[in-house]
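> Quick one: sequence and predicted model below, then my questions.
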Amino acid sequence: MADKDPIARKTGGLPQQGKVSSDIAAFVQKVGTMARPNAAQDGRLLFALDATMSRQPTWDLACSLQAEMFKAIPKDSALQVQLLYFRGFGECRASKWVVDATALARLMTGIDCRGGNTQIGKVFAHARAEHAKRRINAVVYVGDAIEENVDDLSEKAGQLGLLNCPIFVFQEGRDSSVEAAFREFARLTKGAYARFDASAPQELAALLKAVAAYASGGRALLKLQGSGPAQALLAQLPR
């Protein structure tokens, strides 16, 4: 559940520094106009974030960008999103499933980052438990570090892969060992990996839209030509 005693913080609108490329802009526009093939059932996306102390600036950025995920969904369909975060001493919490940007923003802005180690294993275990109740179409994980046994995490990721639950891993920073592990988690789950730069928020927004569109309508929505970070991310998905 969301924090009972949150420290409320105000977040501004989408930062303006850094322009999205024309390729990504065209990609997002086209995805937004496509029909979802199975509109009878909402897509489900688990939005998991590292909320340890080093992540505060990026948490603020994620708060301002989260609404972008919903903009990629056709008007005749919906996307259910659940927020999952970890921080502090063993704290890992999940929100209820929500279907609108306002509800998700309300959940996120009531959370502050706190010192602690990563709990990626709990993220994978939660994803598996939720997927057993009802299919999760995509998991987004945003983080910058790993302080757990990578082999153990890879085994858990592989279990999600067998369940056809792809993970889209977004890395902040350039730690090569973290990148290698994150790429492996994406590979094992038949998902995708991307590094993002907090100074280019529009590109992160475009990537979130891309994953939301995938969760809502599958790869059929994403067979687009062109280059750019969004296309590079989607090119990793199995055909």
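Sure thing, it's come through.

> Without its sequence neighbours, what residue ends up closest to Met48?
Just to correct that, residue 48 is Ala rather than Met. The spatial neighbour of Ala48 that comes closest, neighbours along the chain excluded (C-beta to C-beta, 6 or more residues apart in numbering), is Leu84 at 4.3 Å. For every residue, glycine as well, the C-beta is placed using N, CA and C.

> Can you check the distance spanned by stretch 109-128, start to finish?
26 Å (C-alpha to C-alpha, to the nearest Å).

> ah, wrong one, I meant stretch 136-146
This stretch, stretch 136-146, spans 24 Å end to end (C-alpha to C-alpha).

> same deal with stretch 69-88?
27 Å.

> Kindly report the same for stretch 109-121.
For stretch 109-121, the first-to-last residue distance is 24 Å (C-alpha to C-alpha).

> tell me which helix or strand of the protein sits lowest on mean pLDDT?
Among the helices and strands of the chain, helix 22-33 carries the lowest confidence by mean pLDDT, DSSP states H and E, at a mean of 48.

> any idea which helix or strand comes after it?
strand 43-50 (DSSP states H and E).

> Give me the helices and strands touching that following strand, please.
strand 79-87, helix 120-133, strand 138-143, helix 201-217 (3 or more C-beta pairs under 8 Å, 6 or more residues apart in numbering; DSSP states H and E).

> isn't Arg135 right up against Arg44?
Yes. Contact criterion C-beta atoms under 8 Å: Arg135 and Arg44 qualify, at 6.8 Å.

> out of these two, which sits in the busier spot?
Comparing Arg135 with Arg44 by other C-beta atoms under 10 Å, the one with more neighbours is Arg44, at 21 against 13.

> returning to that earlier point: rebuild the helices and strands packed on strand 43-50 as a markdown table, extending it with mean pLDDT, mean neighbour count and distance to Asp60.
Formatted as a markdown table, the helices and strands packed on strand 43-50 follow (pLDDT from 0 to 100; neighbours: other C-beta atoms under 10 Å; distance: least, C-beta to C-beta, whole Å):
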| stretch | mean pLDDT | mean neighbour count | distance to Asp60 |
| --- | --- | --- | --- |
| strand 79-87 | 92 | 24 | 14 |
| helix 120-133 | 98 | 18 | 21 |
| strand 138-143 | 93 | 25 | 13 |
| helix 201-217 | 80 | 25 | 10 |
